[in-house]
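K.L.:
Build me a structure from this.
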Amino acid sequence: MTSKNKKMIAILSLIVILMAFLPFLTLKQSEFGGSDDAGSAMIEQIAVEYEPWFTPVLEKWLGKEIPGEIESLLFCLQTAIGVGIIAFYIGRFVERKKWQNNK
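P.N.:
Numbering: from 1, shown residues only. Predicted coordinates:
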């Protein structure tokens, strides 16, 4: 790896870190909520008589609302599976390119 590539990686890494933490540093007293909460609040404002037509399957099985910790766990698992699939295919493409270059 050349010094130019290392410098570019360092700069891009710094930009990514700044982009991730800048909202927390500039908006100290703000509440960061999810899109589900924002959407639910907007629907309640627009259509007061609205009744949800779907109940999540896991809530039906449990007979109550899913605890926040379980929701976070399921979201993390979903993210991990997605990242694993993406990393698998990126690895395949990289190895295929290396294999084709060695022919």
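K.L.:
Just the element for residue 76, please.
P.N.:
Element membership for residue 76, per DSSP states H and E: helix 68-102.
K.L.:
Torsion angles phi and psi at residue 53?
P.N.:
When read as degrees, to the nearest 10, the backbone of residue 53 gives phi -100, psi 0.
K.L.:
what about the helix or strand encompassing residue 10, average pLDDT?
P.N.:
Using DSSP H and E, residue 10 maps to helix 3-26. In this model, helix 3-26 has an average pLDDT of 91.
K.L.:
Please work out which residues outside that helix touch it.
P.N.:
residue 32 (CB atoms under 8 Å, 6 or more residues apart in numbering). For every residue, glycine as well, the C-beta is placed using N, CA and C.
K.L.:
Can I get whatever helix or strand comes next after it in PDB? Just the C-alpha atoms.
P.N.:
Moving toward the C-terminus from helix 3-26, the next helix or strand (DSSP H and E) is helix 35-46. Coordinates of each C-alpha in helix 35-46 appear next as PDB, following Å, rounded to 0.1, in the frame of the first residue of the first chain:
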ATOM      1  CA  SER A  35     -38.600   7.100  12.300                       C
ATOM      2  CA  ASP A  36     -41.300   4.800  13.700                       C
ATOM      3  CA  ASP A  37     -41.900   7.200  16.600                       C
ATOM      4  CA  ALA A  38     -42.000  10.200  14.300                       C
ATOM      5  CA  GLY A  39     -44.300   8.500  11.900                       C
ATOM      6  CA  SER A  40     -46.700   7.400  14.600                       C
ATOM      7  CA  ALA A  41     -46.800  11.000  16.100                       C
ATOM      8  CA  MET A  42     -47.500  12.400  12.600                       C
ATOM      9  CA  ILE A  43     -50.300   9.900  12.000                       C
ATOM     10  CA  GLU A  44     -51.900  10.800  15.400                       C
ATOM     11  CA  GLN A  45     -51.800  14.500  14.400                       C
ATOM     12  CA  ILE A  46     -53.300  14.000  10.900                       C
END
